[in-house]
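Q: just coords:
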């Protein structure tokens, strides 16, 4: 009998664009009958909050395409040739980019972060919140959704040591 494959993910980013990969990969692994654990640390920890307020931050992601097909069909043909240097300095640009990305994902049928997170929990993906990060940034357990485990790096590494796939996101 084949041994169950294991996926270990470290989620260290909390922006909207960085929130998708750990949840998509973990839910896909679980759907493929793999075990999956996501260790939430540093800026990834807010993804465990009851209400996620993740935003896109174009100025911190130089690879973000400014030609994404945002909005309506007519609007999609419009090019966004805004240099990355400027996008971080335009007041309200982060909020606009967040709104446009959410709208585009919705129109393309992509699940929300909250839906993917719920799916992960339903599929048995383990969520481990980094206790050290909680202490450093002042997070309380009451702020987080149900089903979260709490542990340090050793808790995660104990699992990751036997994982077939380990990812840092």
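A: Good, I have the coordinates. Note that the structure is a prediction, hence the values are computed from the model and not measured. Numbering: from 1, shown residues only.
Q: does the closest residue to residue 140 other than its chain neighbours count as helix, strand or coil?
A: Using Cβ to Cβ, 6 or more residues apart in numbering and skipping residues adjacent in sequence, the residue nearest residue 140 is residue 134, 7.7 Å away. Backbone N, C-alpha and C define where each C-beta goes, glycine included. Following DSSP: H, G, I helix; E, B strand; the rest coil, we place residue 134 in the helix state.
Q: which residues touch residue 134?
A: Listed by Cβ atoms under 8 Å, 6 or more residues apart in numbering, the contact partners of residue 134 are 45, 140, 141, 150.
Q: what's the answer for residue 39, then?
A: Counted by Cβ under 8 Å, 6+ apart, residue 39 has contacts 8, 9, 10, 11, 128, 130, 156, 160.
Q: in this structure, which segments are predicted with low confidence?
A: Applying pLDDT under 70 to the chain flags the ranges 58-91.
Q: just how off-centre is stretch 154-168 within its chain?
A: A distance of 18 Å separates the centroid of the chain from that of stretch 154-168, by Cα atoms, centre = their mean, to the nearest Å.
Q: Verify the assumption that residue 36 is located in a strand.
A: Yes: applying three-state DSSP, one finds residue 36 inside a strand.
Q: Please report how far it lies from residue 133.
A: Residue 36 is 20 Å from residue 133, where distance means Cβ to Cβ, to the nearest Å.
Q: about what we covered before: can you say which of the contacts of residue 134 are buried?
A: Among the contacts of residue 134, those classed as buried by 16 or more other Cβ atoms under 10 Å are residue 45.
Q: how about TSV for the contacts of residue 39, with distance to residue 98 and neighbour count added?
A: Shown next, in TSV, are these (distance: Cβ to Cβ, whole Å; neighbours: other Cβ atoms under 10 Å):
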residue	distance to residue 98	neighbour count
8	29	24
9	23	26
10	24	22
11	19	28
128	27	23
130	25	25
156	29	24
160	32	19
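Q: Sitting in strands, which of the residues you listed do you find?
A: 8, 9, 10, 11, 128, 130 (DSSP state E).
Q: Including distance to residue 99, could the residues you listed go into a markdown table?
A: As requested, the ones in strands among the contacts of residue 39 are exported to a markdown table (distance: Cβ to Cβ, whole Å):
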| residue | distance to residue 99 |
| --- | --- |
| 8 | 33 |
| 9 | 27 |
| 10 | 29 |
| 11 | 23 |
| 128 | 32 |
| 130 | 30 |
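Q: Out of those residues, flag the one nearest to residue 106.
A: residue 11 (22.7 Å; Cβ to Cβ).
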